[in-house]
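1. Let me see the structure of the following:
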Amino acid sequence: MKKKLLIALLIFLFVWTPALAGVGDIISKGKLSGSTDGKAIKITGSDTAGAVVVHTAVAGTTNFDEIWLWAYLAATSAAAVYIEWGTHADADDLITKTIPLDDGLYLLIPGLVLQNGMTVEIFTGASAVDKVFIFGYVHHLTGG
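-> Down below sits the predicted model:
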């Protein structure tokens, strides 16, 4: 009996209580700001100076962009990509991922958030320049 009552209480709280977070009341889906018409973004840089901006987050500190990125590799061997998350050329904000060969779309960023005009920039090693393509979308999270 106690177990059924607990389950009923949890369902009631889930359905009838407002969201705990203020951000996220309104969610709209959009393309990456570095994409033309939602198409893939080709990575043409082989170092931080040549990093390609794939997205610039919403300005200000009230709203957020939830960013989802996948990579496609059109090469003959695996390749590393370097994601400058929020800050250009800062080793503390660098995410390194290796894209396996023949893996289709490979998840790079699983919905991490940015705001305040921060950027997501990507470069790859010299052997993979022009062979890495970034796909993705953004959930724009705004208070209601």
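
2. Who are the contact partners of the residue lying closest to G125 once chain neighbours are set aside?
-> Spatial nearest neighbour of G125, chain neighbours left out: A80 (5.6 Å); criterion: Cβ to Cβ, 6 or more residues apart in numbering. In short, each C-beta sits where N, CA and C put it, glycine included. Applying Cβ atoms under 8 Å, 6 or more residues apart in numbering to A80 gives the contacts T96, K97, T98, I99, T124, G125, A128.

3. With Y137 instead?
-> So Y137 contacts K29, G30, K31, L32, G38, W68 (Cβ under 8 Å, 6+ apart).

4. Could you do V58 as well?
-> Residues counted as contacts of V58 (Cβ under 8 Å, 6+ apart) are F64, D65, Q115, N116, G117, H140.

5. mind listing which of these are in strands?
-> Here DSSP state E is the test, and the contacts of V58 give F64, D65, H140 as lying in strands.

6. would you list those residues in JSON lines and tack on neighbour count, distance to Y106 and pLDDT?
-> Listed next are the ones in strands among the contacts of V58 as JSON lines, based on neighbours: other Cβ atoms under 10 Å; distance: Cβ to Cβ, whole Å; pLDDT from 0 to 100:
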{"residue": "F64", "neighbour count": "22", "distance to Y106": "24", "pLDDT": "95"}
{"residue": "D65", "neighbour count": "21", "distance to Y106": "21", "pLDDT": "97"}
{"residue": "H140", "neighbour count": "15", "distance to Y106": "24", "pLDDT": "96"}
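
7. Could you let me know which of those ends up closest to A74?
-> For the ones in strands among the contacts of V58, the residue nearest A74 by Cβ to Cβ is D65; the value is 27.3 Å.
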